[in-house]
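# I would like to see how this sequence folds:
(2 chains)
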There are 2 protein chains.
Amino acid sequence: MALDFNQLAQQFTEFYYNQFDSDRTQLGNLYRDESMLTFETSQVQGAKDIVEKLVSLPFQRVAHRITTLDAQPASSNGDVLVMITGDLLIDEEQNPQRFSQVFHLIPDGNSYYVFNDIFRLNYAA
Amino acid sequence: MALDFNQLAQQFTEFYYNQFDSDRTQLGNLYRDESMLTFETSQVQGAKDIVEKLVSLPFQRVAHRITTLDAQPASSNGDVLVMITGDLLIDEEQNPQRFSQVFHLIPDGNSYYVFNDIFRLNYAA
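Model prediction:
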């Protein structure tokens, strides 16, 4: 892999949110059977259940805007940890919601898959 | 280890923020030479430099309040990933700042150490 962990994190995150915002039914290739998703208070495991959960979210149009993106190597095996904070714009709503998300990416041949995925909206205190 | 990953994450996080808020010079035992900290735009590696960075932060009194805490197993070796969102109250300021933080914890004998630590304040959009 010619990319360093910062480049990988950036490319992965852009690809992920573009795919999520244009057609989130196609996100399954990024997960494996052992992958876990925490979306707000829901926890699901496995690519199939994760995509079902994402597709079932109660909005049609969605746009993620990244505010911060930070990455670190998560092991000596090429794992990468990414934390993103940003804004989520949903359907007709005018006011974006803040979100925080972390991905743990694991190398798999020439590519990476998502092992851990934790997503939270940041509600007002 | 008799704790499951959720209990471990909860106990670690409470211990960490209590220690941070009461005396952050003592946090070094939770890191190792290979540990990495991203604090806003700063990146440092190693327990010594991480504690120096945390101690150098320009506030005296600080209180972390946890809003959400989510954990997942991060490997088959007992690693745990924790994402926290919450409020940070600094010195005389009346309005808390929102923050997001992720810890990647690795088992080490009867205990755990922090391998990855990423911290971001969530500024208004």
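# which helix in chain A runs the most residues?
helix A:5-23 (DSSP state H).
# and the next element down the chain from it?
Sequence order places strand A:31-39 as the next helix or strand after helix A:5-23, per DSSP states H and E.
# pull the residues that contact that following strand.
For strand A:31-39, the external contacting residues (C-beta atoms under 8 Å, 6 or more residues apart in numbering or on different chains) are A:43-47, A:50-51, A:53-54, A:57, A:108, A:113-119, B:70, B:72-73, B:83. Placement of C-beta: from N, CA and C, glycine included.
# may I see the buried residues of it?
A:Y31, A:S35, A:M36, A:L37, A:T38, A:F39 (16 or more other C-beta atoms under 10 Å in any protein chain shown).
# what bridges to the closest residue to chain B within chain A?
Nearest residue of chain A to chain B (C-beta to the nearest C-beta) works out as A:S100 at 3.9 Å. Legend: beta-bridge partners of A:S100 under DSSP bridges are A:T85, A:R120.
# now do it against A:L88, distance only.
11 Å (C-beta to C-beta, to the nearest Å).
# of those two, who's got more company?
A:S100 (27 against 20; other C-beta atoms under 10 Å in any protein chain shown).
# alpha carbons of the helix or strand encompassing A:D87, in PDB - could you do that?
If you go by DSSP H and E, A:D87 is part of strand A:80-90. Extracted C-alpha coordinates of strand A:80-90, given in PDB (Å, rounded to 0.1, in the frame of the first residue of the first chain):
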ATOM      1  CA  VAL A  80      -5.800   2.600  11.000                       C
ATOM      2  CA  LEU A  81      -8.000   4.400  13.400                       C
ATOM      3  CA  VAL A  82     -10.000   7.400  12.100                       C
ATOM      4  CA  MET A  83     -12.100   9.900  14.100                       C
ATOM      5  CA  ILE A  84     -14.300  12.300  12.300                       C
ATOM      6  CA  THR A  85     -16.400  15.200  13.600                       C
ATOM      7  CA  GLY A  86     -18.800  17.000  11.300                       C
ATOM      8  CA  ASP A  87     -22.300  18.100  10.300                       C
ATOM      9  CA  LEU A  88     -25.100  15.900   9.100                       C
ATOM     10  CA  LEU A  89     -27.800  17.500   6.900                       C
ATOM     11  CA  ILE A  90     -31.000  15.500   6.600                       C
END
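# which residues of chain A lie near chain B?
A:36, A:38, A:43, A:67-68, A:70, A:72-75, A:81, A:83, A:85, A:87, A:96, A:98, A:100, A:102, A:104, A:115-116, A:118, A:120, A:122-123, A:125 (C-beta under 8 Å from any C-beta of the partner chain).
# and those residues, which are buried?
A:36, A:38, A:67-68, A:70, A:72-75, A:81, A:83, A:85, A:98, A:100, A:102, A:104, A:115-116, A:118, A:120, A:122.
# who's the spatially closest residue to A:A47 that is not a sequence neighbour bridged to?
Once flanking residues are discounted, A:A47 sits nearest to A:Y31: 3.8 Å by C-beta to C-beta, 6 or more residues apart in numbering or on different chains. Beta bridges link A:Y31 to A:V114 when assigned by DSSP bridges.
# let me know the pLDDT of A:Y31.
Looking at A:Y31, its pLDDT reads 98.
# equivalent analysis for A:H64, please.
Model confidence at A:H64 (pLDDT) stands at 97.
# please apply the same query to the one 5 residues further on.
Predicted confidence (pLDDT) at A:L69: the value is 98.
# just give me the neighbour total for it.
Counted with other C-beta under 10 Å, A:L69 comes out at 18.
# now for it: which residues touch it?
Residues counted as contacts of A:L69 (C-beta under 8 Å, 6+ apart) are A:A9, A:Q10, A:T13, A:V82, A:M83, A:I84.
# rerun at 10 Å
A:6, A:9-10, A:12-14, A:82-86, A:101, B:120 (C-beta atoms under 10 Å, 6 or more residues apart in numbering or on different chains).
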